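Peer 1: Have a look at this prediction, sequence included:
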Amino acid sequence: MSSYYIWTVGCQMNKADSERLAASLEEAGYASSSRVEDADLVILNSCAVRQSAENRVIGKLSTLKRLKAERPSLLLALTGCMVDYQESDLRRRFPYVDAFFKPQAVGDLLGFVGAAPNGQPALPARPSVCAFVPIIQGCDNFCTYCIVPFRRGREKSRPPAEIRCEVERLVARGVREVTLLGQNVDSYGHDLANGYDLARLLQELNTLPGLERIRFLTSHPEDMTRGLIEAVAGLEKVCEHVNLPLQSGDDDILQAMRRAYTVSQYCDLAGRIRTAIPGVSLSTDIIVGFPGETEEQFRRTAEVLGELRFDTVHVAAYSPRVGTAAARMEDSVPFVEKKRRLDEIEALQEGIAAETNAKLLGAVEEVLVEGQRGGKWFGRTRTNKLVFFCDAGNRYGQMVDIVIEKASPWALQGSLRGRKEG
Ligand code: SAH
Ligand code: SF4
């Protein structure tokens, strides 16, 4: 039997794609290999959102080049956001790679390895209790810094019936929490008939027996409708957590990024979400050092973060991506200055998260146990906070109540109060 190994770099979308790819290969008779050195087929699922991610992929490619030289029968394939519409450049740079395929074209890879796709997305044979479900591919926004629309194509929503069926199959295999994925997950349905939207999909999934939690990522502020906020507030399985990338706290920078909202519109939206959904946790993405960002404009970002007090902030230093509109602007902020701004945001957020999480001391949080790490069980609260606890029993896959006893900016620790039904 042939074996495969998948190396994944990048976001949840890539991880979800890799899981599906693995499942298709297993259906086609491939076995998973625990070591890259032993596999007959190695697939590298790449990310190109920032140069640092691309560099990681290139590092892995050089390891693969060595393996291929030692063992020429090894098959190598590259997929993910590094594969663009012109493969010739990639073929020239990485001639030892046997196949390149776009993330939307998993069927091409299956054809290449002689495992014709059957049309239905394969599901992981042994999914964990939490699963990712892509519901909308691509992006129509073209934020000026972003490579995603060029590599993932235009937005395309999966039919609701197909998603429902997939979630039912996952639940039948033990999944209790699903995260619906999309680059712009809240614009789900705009290309479907009858005004079908994410709020409606959440309503339908909320009725599935056995499914206990529903999350969705990533929301674009422009597409966060009142109906969607109401759905999150009113549906008991939909978790109180919204990832809403702000990117910058300065209106001119937002406009140069083509983000289509102002800081005050964003703050207003965040306020409405917090009023409608008590206890909601908000997370955001920030880019520092966008072309032309002055110290004053950067200060405004820090101020807004200080005012909005997010639960989590993902901050990145601006990285020019060839082909995007921003790459034609002067990359005016030197690297050391980008790094200083990044460090400042991280330090600011660390303080905010420490205070926010400390408020949970003594509280009882519902945690879905995902596994063990360093001898402790871990899982997440409905608000997506990581919680560790010790227990001698097997708690995998259980919904437990944890009394929070320790808090840090990144995680919580506590002890078991009692097992919930279900
Ligand atoms: N669709 C999501 C995010 C997609 S990319 C959104 O609209 O926000 C994930 C994150 O990577 C972005 O939120 C952004 O903060 C960061 N990012 C994207 N392109 C980048 C670039 N060229 N340089 C630095 N960070 C970037
Ligand atoms: Fe990129 Fe903007 Fe689309 Fe997000 S919304 S994927 S940042 S273009």
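Peer 2: Great, that's in hand. Ligands and ions are numbered 1, 2, ... in the order given.
Peer 1: Around ligand 1, which positions in the stretch 51-200 of the chain sit nearby?
Peer 2: Residues of the stretch 51-200 of the chain lying close to ligand 1 (Cβ under 6 Å from any ligand atom) are 145-146, 148, 183-184. (Glycine included, C-beta is placed from N, CA and C.)
Peer 1: For the residues you listed, which single residue is the most surrounded?
Peer 2: Highest neighbour count within those: residue 145, with 25 neighbours (other Cβ atoms under 10 Å).
Peer 1: In a helix, that residue, correct?
Peer 2: No - with DSSP: H, G, I helix; E, B strand; the rest coil as the criterion, residue 145 is coil rather than part of a helix.
Peer 1: Ignoring the adjacent residues along the chain, who's closest to the closest residue to ligand 2 within the stretch 201-350 of the chain?
Peer 2: Nearest residue of the stretch 201-350 of the chain to ligand 2 (Cβ to the nearest ligand atom) works out as residue 220 at 5.3 Å. Nearest residue to residue 220, sequence neighbours excluded (Cβ to Cβ, 6 or more residues apart in numbering): residue 184, at 4.7 Å.
Peer 1: Ok, residue 114 next?
Peer 2: Residue nearest to residue 114 in three dimensions, not counting chain neighbours: residue 28, with 7.7 Å by Cβ to Cβ, 6+ apart.
Peer 1: lowest average confidence, helix or strand, in the protein?
Peer 2: helix 106-112 (a mean of 79; mean pLDDT, DSSP states H and E).
Peer 1: what does that helix contact?
Peer 2: Applying Cβ atoms under 8 Å, 6 or more residues apart in numbering, the contact partners of helix 106-112 are 17, 20-21, 24-25, 28, 43, 77, 79, 98-99, 101-102, 116-117.
Peer 1: Okay, buried residues for it please.
Peer 2: Under the neighbour-count criterion of 16 or more other Cβ atoms under 10 Å, helix 106-112 has 106, 109-110 buried.
Peer 1: got those residues as a markdown table, with distance to ligand 2 columns?
Peer 2: Output for the buried residues of helix 106-112, formatted as a markdown table (distance: Cβ to the nearest ligand atom, whole Å):
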| residue | distance to ligand 2 |
| --- | --- |
| 106 | 20 |
| 109 | 23 |
| 110 | 26 |
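Peer 1: Now those residues in TSV, please, with extra columns for distance to residue 416.
Peer 2: TSV is the format used below for the buried residues of helix 106-112 (distance: Cβ to Cβ, whole Å):
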residue	distance to residue 416
106	41
109	44
110	44
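Peer 1: Looking at the residues you listed, spot the one nearest ligand 1.
Peer 2: residue 106 (20.7 Å).
Peer 1: which residue sits closest to residue 303, ignoring its sequence neighbours?
Peer 2: residue 249 (6.3 Å).
Peer 1: Please list all residues in contact with residue 260.
Peer 2: 141, 222.
Peer 1: Torsion angles phi and psi at it?
Peer 2: phi 60, psi 20 (degrees, to the nearest 10).
Peer 1: pLDDT at it, what is it?
Peer 2: Listed pLDDT for residue 260 reads 92.
Peer 1: could we number from 51 for the rest of this?
Peer 2: New numbering, starting at 51: the last item is residue 310.
Peer 1: Past the host helix or strand of residue 438, which element shows up next along the chain?
Peer 2: Element membership for residue 438 (DSSP states H and E) is strand 436-439. Downstream of strand 436-439, the first helix or strand assigned by DSSP H and E is strand 449-457.
Peer 1: Parallel or antiparallel, list what pairs with that following strand.
Peer 2: strand 414-423 (antiparallel), strand 462-469 (antiparallel) (DSSP bridges).
Peer 1: now the ones you listed in CSV, with distance to residue 343, mean pLDDT and mean neighbour count?
Peer 2: Output for the strands paired with strand 449-457, formatted as CSV (distance: least, Cβ to Cβ, whole Å; pLDDT from 0 to 100; neighbours: other Cβ atoms under 10 Å):
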stretch, distance to residue 343, mean pLDDT, mean neighbour count
strand 414-423, 38, 96, 18
strand 462-469, 34, 85, 16
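Peer 1: CSV for those strands, including distance to ligand 2?
Peer 2: Shown next, in CSV, are those (distance: least, Cβ to the nearest ligand atom, whole Å):
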stretch, distance to ligand 2
strand 414-423, 27
strand 462-469, 29
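Peer 1: Look at residue 203 and say how many residues are nearby.
Peer 2: 16.
Peer 1: Extract the residue ranges of the stretch 301-450 of the chain that are flagged as low pLDDT.
Peer 2: Along the stretch 301-450 of the chain, the model assigns pLDDT under 70 to no residue.
Peer 1: for this protein, longest helix please?
Peer 2: Counting by DSSP state H, the longest helix found in the chain is helix 385-408.
Peer 1: relative to strand 449-457, how tilted is it?
Peer 2: Per axes from the mean of the first three to the mean of the last three Cα atoms, to 10 degrees, the angle that helix 385-408 makes with strand 449-457 is 110 degrees.
Peer 1: Name the residue of the stretch 51-200 of the chain with the shortest distance to ligand 1.
Peer 2: For the stretch 51-200 of the chain, the residue closest to ligand 1 is residue 195, as judged by Cβ to the nearest ligand atom, at 4.0 Å.
Peer 1: sec struct for the nearest residue to residue 124 once chain neighbours are set aside, please.
Peer 2: In space, residue 124 comes closest to residue 118 once its chain neighbours are excluded; the distance is 5.3 Å by Cβ to Cβ, 6+ apart. Judged by three-state DSSP, the three-state class of residue 118 is helix.
Peer 1: any idea which residue sits dead centre in this protein?
Peer 2: Residue closest to the mean C-alpha point of the chain, counted by Cα atoms, centre = their mean, is residue 62 at 3.3 Å.
Peer 1: Quick check: residue 404 touching residue 461?
Peer 2: No - Residue 404 is beyond contact range of residue 461, at 11.4 Å (criterion: Cβ atoms under 8 Å).
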